[in-house]
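A.B. asks: give me coordinates for this.
(2 chains)
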Amino acid sequence: MAAKLTRLFVYTAGTLLLALGLAIFIGWSDETGLVLPHDPLFVVPMAVVFWAVAAVSLGTGLFCLLGRSIWWKLCLVLWSAIEFEAYQLGLTFFVGPRSFQGYWGSLTGAFDLPSSAAYWLSTVAAFYLISGSLVSLVALWLDDRKVRITGSCVACGEHIAFLPKDFGRQIACPHCHALTVLADKLKMTCVLCGGHIEFPSHAVGQKLACPHCGRRIKLLTALSHEAA
Amino acid sequence: MANQLQHSVCRKTGLWLAVGTVLFVAGWRLVVIACQPPHIMDIATEIGSIAEFGQGSSQGGSGILFPNNGGTALTFFRMTETGLGSYFCNAGAGGCKLLFELSEDGYDLNFGMLGWSSDDKFFACLVPTKPDRSKKEILIYDGATGERRAGIPGQNYFGYSRFVWLSPRSFIYTSQNQNLILVEQSPDGQWLQRLGGSLRGLFAKEPPDDAMKHLLATSEHSFAWQQPGELWTYDLQSGAGGKIWESATEQLEDFSFDQETGEFELTCAVYDSPYHYHAADLIFYRLRPPDKSLSRDGRLTRIPRDSRLRYADLSEDEGLYVFSIKAHRDSKPQLFTWEGMVQTYKLAGNSFFFTANLPGQPPALWCYDLDAQDARELVPSTKEQLKYAQISNPSGGTVTNAMGDRVRYHLWQPPQVSPGRKYPLLIGQTQYSFDAWFPCQQVAVNAGFYFATADRLSWYDGFDKWEPDVMALYDLLVKNPCIDTNRIYICGLSGETHLVPRLIADKPDLWKGAVLFELVARMPDVSKSHLTRIFAVSGRVVYTGDVPQILKGEDESARAGVPVQLVLQDGVQHFMRSIATERERTRQFAHFLVESE
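C.D. replies: Predicted structure coming up:
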């Protein structure tokens, strides 16, 4: 459930940021020929600030929608949203309560939005992104801290960590993609004497002496037979 | 396998979401564009591309039309793509020929029309030389064909020089230190210049350089000129001259001289202060200059309006213009009506030249033949019919302001007004005759705005009652059921941009936005107003010193939460003088209007 919600959040965050970046680019390109003021916080032309915010939003949005690492996605969303909100609050407290609308309001005309509506939309969006990414990151971290069992892939022998509830599930190995069963101990019958042997999953493929007949055999499972 | 499949599914979902987001944002923008008045940017481009008849320099003032004495030809100023062009037009044949062009950023004191010789064989112009534009040249043109005949170095001609033809083959102009430079055509056709006299000894206190206005030849060796409240003469042969009339209570507006009777005709206005006089209450005098038997005072006679030697008067009622024209001393005045907007006019011989438009058409140059009593178009403004824009003509009326004065106003309405729907309004006060053709007005109307102006009689008249006049018009128009009282924009042009901030400060709740053309003042203080947007346009060149102030104002407005659409046009002086610049202004203005609504 938590994983699904996190994925949903990442999608919405990506969509929001991508839309914001595109909207800034379109609104800014609509201002061709106008003399824009200087940003009061960074004392650089507003065009530079527009460009930077649009580029960060676009990049983060696309990474959220098309990238791989969920951790990176959430961290980037959190960073972008905090930067944006800090800038917005900086304008509000150090320059004037309506200054964000004054400096950014000219962009909203391209979408027929009143500058006050754009201000509240962006504030709500930033709050959503910050709180959503924080909650998701905490959920992921907690998820990672849960007790895990380490098993091995029956095909490639690489270690696979899994939760106790997944014990016995058949999955595709994240390393070799071959089908394997999540288990910490495996069982086999000695091919020479028929005695039962129990061994840790990471020992698959090793050769050792059978505890019953003493002759050297290779530790295999039915799955590794099929895989072979 | 399942994990890979899952990742692939995630990636596809992300891709679809990305595509969907792009389509959503682009679609939103397209819907906004679709909801704007159709073809509004095409309309703005079309209106901005109309070659306007522009104010050019002439003899210490400005003007548009410069007909010859017989009314058979004229020169005029009109915008070109990159600057202001001076054109020659033969009234009989029509059409026009470009004589020279001043680029947008040119220095206009080195450029201007100097005048026609008394026999109309020549006319002279002042132009900057190329490539060094700081130097200038007086060019002599053939009065019949517009061909260039001679070029005279104009190193002695300075910004406030005055020029007058004394005879068909000689003229003088003033140089610095009140010297008179005489230029004569020698028998071999060469034009030679020399020092012809000096005015310096005439004045007890030397007047400022720009005091001398309107030189007029009274004979082949004498001339007259006006200074504020005074009329002077000078004779080149004797070197004698002096003041022949002065008044402390009347503003000398203009004068003419009748060579037959030797009388001056003076047109005066009653005035209260240097920049405040009642131009409507004109007084006419005839003045016979003092002869030797008289000590100083000439014989001054006040004459009724109808007794003037020749004149062309314009009156306007409910959008209908009526010209009253008297071409000669003995002729009867003719009445001539015109339904479009009139910008400027000049009477010459039996021809009456004027720039005006027919209803629904852009302005053109027209000639009314007083003998044939027929008007014909000499030079059209556009080569092709307008495809998108609809030219609107105003309705007019009067309203009484809080001071009890009657104020004329004009109201332009959108081409299609749907009953029951409310429209935004742009309101201000502009000198009507000066702005009879104002492209941004037409853009606003095409964008679905009402545009209203309370008129001033002249540019310097009525600044002191700007606010009561505008508020009187406001009070009248808010009763109009088609006007949305929550979408009223206040606008000002040039000097009026000083007054707009005061009105916004006095009545902060009334205005949704402010429009400032040719901004020369500080931006309005928006901290206590309800303004949502400001549009401001100005040239960068002349008012370089004001640019930091304008930028500071933009910053202050933004801090107070009001975004400013500021256009600073590179290479443009206070008044724009090229089609390209005008087109940029109309497009930016249209952009502001559609985004504000």
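
A.B. asks: need the contact list for residue 51.
C.D. replies: Here I'm looking at chain A. Residues in contact with A:W51 (Cβ atoms under 8 Å, 6 or more residues apart in numbering or on different chains) are A:W28. For the C-beta atoms, the positions are set from N, CA and C on the backbone; glycine is no exception.

A.B. asks: um, chain B though
C.D. replies: B:A51 neighbours (Cβ under 8 Å, 6+ apart): B:78-80, B:381-382, B:579.

A.B. asks: roughly how far does it sit from chain A?
C.D. replies: Note on B:A51: its distance to chain A, by Cβ to the nearest Cβ, to the nearest Å, is 22 Å.

A.B. asks: can you tell me the SS state at that residue?
C.D. replies: coil (DSSP: H, G, I helix; E, B strand; the rest coil).

A.B. asks: what is the burial count for residue 176?
C.D. replies: Reading this off chain A. Applying other Cβ atoms under 10 Å in any protein chain shown, we find 14 residues neighbouring A:C176.

A.B. asks: oops, chain B please
C.D. replies: B:Q176: 12 neighbours (other Cβ under 10 Å).

A.B. asks: my guess is it meets B:Q155, correct?
C.D. replies: No. If you go by Cβ atoms under 8 Å, B:Q176 and B:Q155 don't touch, sitting 10.9 Å apart.

A.B. asks: send me stretch B:373-389 as PDB with only the CA atoms.
C.D. replies: The C-alpha coordinates for stretch B:373-389 follow below in PDB (Å, rounded to 0.1, in the frame of the first residue of the first chain):
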ATOM      1  CA  GLN B 373     -15.900  72.000 -54.400                       C
ATOM      2  CA  ASP B 374     -14.600  68.500 -54.600                       C
ATOM      3  CA  ALA B 375     -12.400  66.400 -52.300                       C
ATOM      4  CA  ARG B 376     -10.000  63.800 -53.700                       C
ATOM      5  CA  GLU B 377      -7.500  61.500 -52.100                       C
ATOM      6  CA  LEU B 378      -3.900  62.400 -53.000                       C
ATOM      7  CA  VAL B 379      -2.000  59.800 -51.000                       C
ATOM      8  CA  PRO B 380      -3.500  56.800 -49.300                       C
ATOM      9  CA  SER B 381      -2.100  55.400 -46.100                       C
ATOM     10  CA  THR B 382      -2.100  51.800 -47.100                       C
ATOM     11  CA  LYS B 383      -1.500  50.100 -50.400                       C
ATOM     12  CA  GLU B 384      -3.900  47.300 -49.600                       C
ATOM     13  CA  GLN B 385      -7.300  47.200 -47.900                       C
ATOM     14  CA  LEU B 386      -7.200  46.200 -44.200                       C
ATOM     15  CA  LYS B 387      -7.800  42.500 -43.800                       C
ATOM     16  CA  TYR B 388      -8.400  42.100 -40.100                       C
ATOM     17  CA  ALA B 389      -8.700  45.400 -38.400                       C
END
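
A.B. asks: could I get the buried residue list for it?
C.D. replies: Within stretch B:373-389, the residues that count as buried by 16 or more other Cβ atoms under 10 Å in any protein chain shown are B:375, B:378-379, B:381, B:386, B:389.

A.B. asks: now, which of those lie within strands?
C.D. replies: When DSSP state E is applied, the buried residues of stretch B:373-389 are split such that B:375, B:378-379 fall in strands.

A.B. asks: can you pull out the low-pLDDT segments for chain A?
C.D. replies: A:1, A:147-148, A:164, A:201, A:221-228 (pLDDT under 70).
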